[in-house]
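S.K.: Generate a structure from the sequence data that follows.
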Amino acid sequence: MIELATGLCLIYHKPNLYHSPNVGLMRVIALSTAFIQVPIHLKLLKNTSVQLTDKLILTHWIRTIS
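M.R.: Numbering: from 1, shown residues only. Down below sits the predicted model:
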């Protein structure tokens, strides 16, 4: 969240072409975490599953690449 806040401050105070994609990628990371990884983690808390663990690892690449 701090990274997102500082990115938005940079866009507001010193806008340039490099800051906007940076904030966009941070949005991708935040949305992926909230809507993909967190629900999988919650399911894993209830029932350990190799399939869910594999799915979590695969979807983590979204955040890694971003």
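
S.K.: Any chance you could list what contacts the helix ranked longest in the chain?
M.R.: Longest helix of the chain, by residue count under DSSP state H: helix 50-65. Residues external to helix 50-65 that are found in contact with it (Cβ atoms under 8 Å, 6 or more residues apart in numbering): Val28, Ile29, Ser32, Thr33, Ile36, Gln37, Ile40, His41, Lys43, Leu44. Every C-beta, even on glycine, is put in place using the N, C-alpha and C of the backbone.

S.K.: what do you get if the cut-off is 6 Å, keeping everything else the same?
M.R.: By Cβ atoms under 6 Å, 6 or more residues apart in numbering, the surrounding residues in contact with helix 50-65 are Ile29, Ser32, Ile36, Ile40, Lys43, Leu44.

S.K.: list the buried ones in stretch 26-39?
M.R.: Residues Met26, Ile29, Ser32, Ile36, Gln37 are the ones in stretch 26-39 that count as buried (16 or more other Cβ atoms under 10 Å).
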